[in-house]
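> Below are the sequence and a predicted model; questions follow.
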Amino acid sequence: MWNADSCCICLSFRGGMKLLLAWEIFWIWCWFMTSQFMWTGEYNTFNDGGFVTKNVPIILFCTFLSLASVFLTGLYLFHTDSMRTRLGLVLSSLTMLVVAVVFVIGGVPVMWIDILAMGYCLAKTWKHYASMKDATEGSPGGYDEVA
């Protein structure tokens with residue numbers, strides 16, 4: 001049941017990573033909606049989620065984290081499957097977990113669901129990374145690219 005080739009039992013690993021990418025892109029949209037008060041001067045319903053949704057440095061920091069996550073996940077999905085891009089998936093999942101933790105600390109308790117989902121995603125991406133590392137350790141040409 002717990003293997004690196006599937007997500008949530010019913011999806012392939014790549015299918016799960018496509019869902020992760022869609023979630024990250026959704027977060028970029030949420031950050032855009034949250035940050036509109038910076039140039040309009042008016043708060044909207046996206047700013048009703050505690051102090052974290054009205055704090056400009058936190059919004060900018062989390063926006064850049066989310067952008068980095070989209071980039072790292074996209075590299076794995078659309079460029080190549082290598083040790084580096086698998087490690088990028090781990091970092092991407094960890095980054096989205098950090099964003100969810102920031103939200104819970106900032107007063108958005110519903111993000112506990114996101115913490116659970118990103119924790120699961122982090123565990124799956126780490127297992128996926130470790131499976132390649134275990135399979136390629138000791139190979140004479142290194143382990144940057146998958147054959």
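It's in.
> pLDDT of stretch 37-52, averaged?
Averaged across stretch 37-52, pLDDT comes to 82.
> and it, how far apart are its ends?
One end of stretch 37-52 sits 13 Å from the other (Cα to Cα, to the nearest Å).
> Return the set of buried residues in it.
Phe37, Phe46, Asn47, Gly49, Gly50, Val52 (16 or more other Cβ atoms under 10 Å). For glycine as for every other residue, the C-beta is placed from the backbone atoms N, C-alpha and C.
> counting contacts, what elements does whichever helix in the chain runs longest pack onto?
As assigned by DSSP state H, the longest helix anywhere in the chain is helix 112-136. When contacts are defined as 3 or more Cβ pairs under 8 Å, 6 or more residues apart in numbering; DSSP states H and E, helix 112-136 packs onto helix 13-35, helix 83-105.
> okay, these, which one's buried deepest?
helix 83-105 (a mean of 20; mean count of other Cβ atoms under 10 Å).
> Run through who's touching that one.
Residues from elsewhere that reach helix 83-105 (Cβ atoms under 8 Å, 6 or more residues apart in numbering): 17, 20, 23-24, 27, 49-50, 52, 58, 62, 65-66, 68-69, 72-73, 75-76, 79, 111-112, 114-115, 118-119, 121-122, 124-126, 128-129, 132-133, 136, 143-144.
> ok so, going back, dump the buried residues of stretch 37-52 into CSV; add distance to Trp31 and secondary structure as well.
Output for the buried residues of stretch 37-52, formatted as CSV (distance: Cβ to Cβ, whole Å; DSSP: H, G, I helix; E, B strand; the rest coil):
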residue, distance to Trp31, secondary structure
Phe37, 12, helix
Phe46, 9, helix
Asn47, 12, helix
Gly49, 12, coil
Gly50, 15, coil
Val52, 11, helix
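> what's the most distant pair in the residues you listed?
Based on Cβ to Cβ, the longest span within the buried residues of stretch 37-52 runs between Phe37 and Gly50 and measures 14.4 Å.
> Give me the below-cutoff pLDDT ranges for this structure.
Counting by pLDDT under 70, the chain has low-confidence residues at 1-10, 134-147.
> Does Leu77 touch Phe13 like I think?
No: counting by Cβ atoms under 8 Å, Leu77 stays clear of Phe13, with 10.7 Å between them.
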